[in-house]
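K.L.:
what shape does this take:
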Amino acid sequence: MTETMIRLQVEPLTREAFASFGDVIEASDAAHHFTINGGNTERYHDLAKIEPGSDGRSIVSIFRGQPRALPFTVEMVERHPLGSQAFVPLSGSPYLVVVAPAANTPGVEDLRVFLARGDQGVNYARGVWHHPLLALDGVSDFLVIDRAGEGPNCDEIRLDEAGVIEF
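P.N.:
Sure, this is the predicted structure:
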């Protein structure tokens, strides 16, 4: 890797901006929602396409992320070629989401950085490159829905050039 670092811009996480990478999981008016349980509960329905792959099964885990200090240098990304991976924050704290398109091996110029609110989750579509968990304001728990099954489901690469998030 060269010593060059590209400054990465942070943008707000929205359904529209994130659509090519997967789903934004949030209770918003844009989501299909309706009242259930005798009018006591609002159900925000079918928020993410969970893909365990043909030979996999969906599993639920909790990841506890340590906070990352800013500025943060992005030197690697990973992807899950056999299934999607969803992260739903449980601690209510904002976090960063770094992604690149699934199509090719990404370079730093392909990265996008989103600031997710503590009430927004993400579902990385199958094969989408992303950086591992980037908690910001302290130790943060995330409910994670992803794939278990046969076959390797995590590819990691080091970027030729690093990107820095200064925020």
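
K.L.:
residue 102 is in contact with residue 128, correct?
P.N.:
Yes. Using CB atoms under 8 Å, residue 128 makes contact with residue 102 at a distance of 4.8 Å. Where you see a C-beta, it was placed from the backbone N, CA and C, and this is true even at glycine.

K.L.:
overlap in contacts, those two.
P.N.:
Common contacts of residue 128 and residue 102 (CB atoms under 8 Å, 6 or more residues apart in numbering): residue 79.

K.L.:
of these two, which one has the most company?
P.N.:
Shown here are residue 128 and residue 102; by other CB atoms under 10 Å, residue 128 has more neighbours (25 against 18).

K.L.:
am I right that residue 96 is in a strand?
P.N.:
Yes. Using DSSP: H, G, I helix; E, B strand; the rest coil, the assignment for residue 96 is a strand.

K.L.:
wait, what's in contact with it?
P.N.:
By CB under 8 Å, 6+ apart, the contact list for residue 96 reads 10, 68, 72, 113, 114, 115, 116, 131, 134, 136, 165, 167.

K.L.:
could you do residue 146 as well?
P.N.:
Neighbour list for residue 146: 58, 59, 61, 80, 83, 84, 85, 86 [criterion: CB under 8 Å, 6+ apart].

K.L.:
beta partners for the residue nearest to residue 75 when sequence neighbours are not counted?
P.N.:
In space, and not counting its chain neighbours, residue 75 is closest to residue 162: 4.9 Å by CB to CB, 6 or more residues apart in numbering. Judged by DSSP bridges, the bridge partners of residue 162 are residue 5.

K.L.:
quick one: residue 162 from residue 4, how far?
P.N.:
Separation of residue 162 from residue 4 (CB to CB, to the nearest Å) stands at 7 Å.

K.L.:
these two: who's more crowded?
P.N.:
Neighbours were tallied for residue 162 and for residue 4 using other CB under 10 Å; the higher tally belongs to residue 162 (18 against 10).

K.L.:
help me confirm that that one comes into contact with residue 71.
P.N.:
No. Here residue 162 does not reach residue 71: they are 10.9 Å apart, not a contact under CB under 8 Å.

K.L.:
the lowest-mean-pLDDT helix or strand in the chain: what's the following helix or strand?
P.N.:
Here the helix or strand of the chain ranked lowest by mean pLDDT, DSSP states H and E is strand 5-7, holding a mean of 90. Downstream of strand 5-7, the next assigned helix or strand under DSSP states H and E is strand 10-12.
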